[in-house]
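Engineer: what's the 3D shape of this:
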Amino acid sequence: MTNVYFLGTGGAFSAGHRSNLALLIESGEFRMLVETGPVIMHQLTRTGIQVMDIEHVFISHAHGDHALGFPMFALNRLGIDASAPAFHVYASAGAIASLKALWEIAYTGFDIQRLNIHWHPLPDQESRQTRLTARIILQTAPVPHPPNTPTLGARWDFEDGPSIAFITDTYPNDTTVTLAQGCDLLIHEASFSATLQPGYDANVHFHSTAQQAGEIARQAGAKRLALVHLGPMIGRHPDVLIEEARAGTDLEVFVLDDGGLLQIKKSG
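Structural biologist: Predicted structure coming up:
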């Protein structure tokens with residue numbers, strides 16, 4: 001059984017009802033934090049998850065709603081007057097440079113080496129498979145986002161367990177379909193709604209609708225779809241988003257509140 005905690009389900013402009021997007025993937029002793037937005041410590045504390053129990057972090061790109069909380073997460077792992085146990089950060093080289101710069105801005109003069117971080121730069125122009133543990137493989141691939149903002153989609157494959165794909169801050173593209181092929185759970189952004197916002201233009205906003213997320217899930221043969229990175233207005237209408245993504249099919253679609261949990265088994 002693999003647990004996916006939806007720590008935050010909102011987008012950059014979400015406030016109050018939904019906090020910025022963040023996930024925690026847990027399988028046995030393995031825990032990987034996905035995104036470290038501005039309120040990541042509040043999100044973790046509310047769900048009772050201890051920062052010292054998280055040894056792996058994935059960050060899709062360096063935009064503030066996905067990365068600004070990194071210095072606070074790292075500081076809390078270090079603790080007061082303690083040496084930091086090692087943890088691993090997976091992101092593009094550009095995103096890693098931004099994370100280091102955020103640390104220097106937030107804690108000038110505090111040597112980042114004390115954090116004991118193992119940095120794992122991932123290519124932002126091609127796909128890559130990285131073995132996280134003996135039984136878990138992370139696959140990443142670049143997805144289109146605004147110019148000069150390298151953004152990575154991700155997929156976790158658990159030996160004798162489920163496969164989970166994560167896509168955010170992009171519009172429909174072939175890379176996403178390939179990355180999510182046959183996965184047990186696709187977690188895909190839905191910043192907009194074709195039903196509630198019929199004037200949406202992907203070429204302007206570089207994000208997806210719930211309708212487009214549903215189409216991607218069906219093209220990829222994903223077993224389940226969870227919608228995240230919800231805009232501030234549409235996030236208050238989960239039933240509309242679910243029906244929009246399902247489009248009359250039997251696709252299983254979830255719109256969880258912050259703090260929600262999905263327990264995923266391998267299908268079949």
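
Engineer: Low-confidence stretches in this structure?
Structural biologist: Within the chain, the segments meeting pLDDT under 70 span 15-16, 80-83.

Engineer: Point to the residue nearest the middle of it.
Structural biologist: The structure's the chain has its C-alpha centroid closest to residue 34; by C-alpha atoms, centre = their mean the separation is 4.6 Å.

Engineer: What ranges does the stretch 151-268 of the chain have for its helices?
Structural biologist: Listed from the start of the chain, the stretch 151-268 of the chain has helices (DSSP state H, counting those that start in this stretch) covering 174-179, 202-205, 210-220, 238-246.

Engineer: Serialize those helices to TSV and add fields for distance to residue 119.
Structural biologist: For the C-beta atoms, the positions are set from N, CA and C on the backbone; glycine is no exception. Below are those laid out as TSV (distance: least, C-beta to C-beta, whole Å):
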stretch	distance to residue 119
helix 174-179	23
helix 202-205	31
helix 210-220	30
helix 238-246	36
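
Engineer: highest average neighbour count across those helices?
Structural biologist: Mean neighbours per residue, mean count of other C-beta atoms under 10 Å, is largest over these for helix 210-220, with a mean of 23.

Engineer: mind listing the strands for the protein?
Structural biologist: With strands called from DSSP state E, the chain shows them at 2-8, 22-27, 30-34, 56-58, 87-92, 117-122, 128-133, 136-143, 151-158, 163-167, 185-189, 224-228, 252-254, 260-264.

Engineer: To residue 77, which of those lies closest?
Structural biologist: strand 87-92 (6.3 Å; C-beta to C-beta).

Engineer: How far off centre is the closest one?
Structural biologist: What separates the centre of strand 87-92 from the centre of its chain is 13 Å, taken as C-alpha atoms, centre = their mean, to the nearest Å.
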